[in-house]
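>>> Show me how the following folds:
(chains A, B, C and D)
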There are 2 protein chains.
Amino acid sequence: MVERHAPPLDAVFHALGDATRRRMLRELAEGERTVSQLAAPFPISLAAASKHIKALEGAGLIRREVRGRTHLCRLEPAPLSHAHEWLGFYERFWTGRLDALERLLREEDAAAPPTKDGDDR
Amino acid sequence: MVERHAPPLDAVFHALGDATRRRMLRELAEGERTVSQLAAPFPISLAAASKHIKALEGAGLIRREVRGRTHLCRLEPAPLSHAHEWLGFYERFWTGRLDALERLLREEDAAAPPTKDGDDR
DNA sequence: CGAACAGTCAACCGATTTGTTGAATGATGA
DNA sequence: TCATCATTCAACAAATCGGTTGACTGTTCG
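Alright, predicted model coming up:
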């Protein structure tokens, strides 16, 4: 009930698909930053940086506290956690270990039709 | 030496920023699939699906073996692992645990700029 | 008050994305 | 051989993206 609308994975991954925004997140990992502070390292206009920040906010990756004329941004980790979990599904493919479940899936595949499980998450 | 060119995180996250492509990856987690098989669940043209697959390939997320007139696709986990690692950096923000490093970072940030005057800048 | 500051908004631009359709390529198989 | 199958390619359109500039809103402060 405290949960906001879960930010769609689409928006999260899209936001992460830009190096500028990823660098902003790294910066925010070290503490709160204003919009100007976030924009400073980049050779782009403040308006452009503002758009990046709005993209991060739209993906739920940061939240903002308006304090007088400055906007304080801080990291919002939940969507990062979701993305991390999503990727975690594939962990067994890069760890050397083939467990029983994976072996089962792979063999099942060689013989049976798809399981029409229809889940994009 | 066996490593290929590391696919840029940009391309990986961008590829993941689309539900169609994520569903294709999920499908590939169950085994090899041809282009037609990957395209089948989606209400888009084969050409469009082919473009999605090229995006996945370009991000290094799949590799393809041409076998006669069909193209067999299989999951390539390395870039997923890299993305997972990148997100792992933020893990301390969503696990409750505050370790020494994080506490250090946060305090450093809170104390640095002001001239003891206060936080009203 | 009035100037300077922090930030957004709106309009615009060029490049990229995602989809379409129709033609092309190349392998398969009766 | 010839039709068919699997897939890509090329050209196009609409939407989105990432950037710009200039005007605007609201806050701070001399």
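
>>> where in chain A is pLDDT low?
A:1-6, A:97-121 (pLDDT under 70).

>>> Which single residue of it ends up nearest DNA strand D?
Of all residues in chain A, the one sitting closest to DNA strand D is residue A:68 (2.2 Å; C-beta to the nearest atom of the strand). Heads up, the C-betas are built off the backbone N, CA and C, glycines and all.

>>> and chain A, which residues reach DNA strand C?
A:34-37, A:46-47, A:50, A:53-54, A:64, A:69-71 (C-beta under 7 Å from any atom of the strand).

>>> filter those to the buried ones?
A:34, A:35, A:37, A:50, A:53, A:64, A:71 (16 or more other C-beta atoms under 10 Å in any protein chain shown).

>>> ranges for the helices of chain A?
A:9-16, A:19-28, A:35-39, A:46-58, A:78-88, A:91-94, A:100-111 (DSSP state H).

>>> Among those helices, which comes closest to residue B:81?
helix A:91-94 (4.1 Å; C-beta to C-beta).

>>> ok now the closest one, how far from the chain's centre?
20 Å (C-alpha atoms, centre = their mean, to the nearest Å).

>>> Output the contacting helices and strands for that helix.
Under the contact criterion of 3 or more C-beta pairs under 8 Å, 6 or more residues apart in numbering or on different chains; DSSP states H and E, helix A:91-94 touches helix B:78-88.

>>> buried residues in the helix it packs on?
B:78, B:79, B:80, B:81, B:82, B:83, B:84, B:86, B:87.

>>> quick one: contacts for residue A:25?
By C-beta atoms under 8 Å, 6 or more residues apart in numbering or on different chains, the contact list for residue A:25 reads A:16, A:56, A:61, A:62, A:75, A:80, B:90.

>>> repeat that with 7 Å
Residue A:25 makes contact with A:61, A:75 under the criterion C-beta atoms under 7 Å, 6 or more residues apart in numbering or on different chains.

>>> How about residue A:82?
A:9, A:12.

>>> can you tell me how far it sits from residue B:12?
According to C-beta to C-beta, to the nearest Å, residue A:82 stands 17 Å off from residue B:12.

>>> Same question for residue A:91.
16 Å.

>>> And residue A:45, by the same measure?
28 Å.

>>> more neighbours, these two?
residue B:12 (26 against 10; other C-beta atoms under 10 Å in any protein chain shown).
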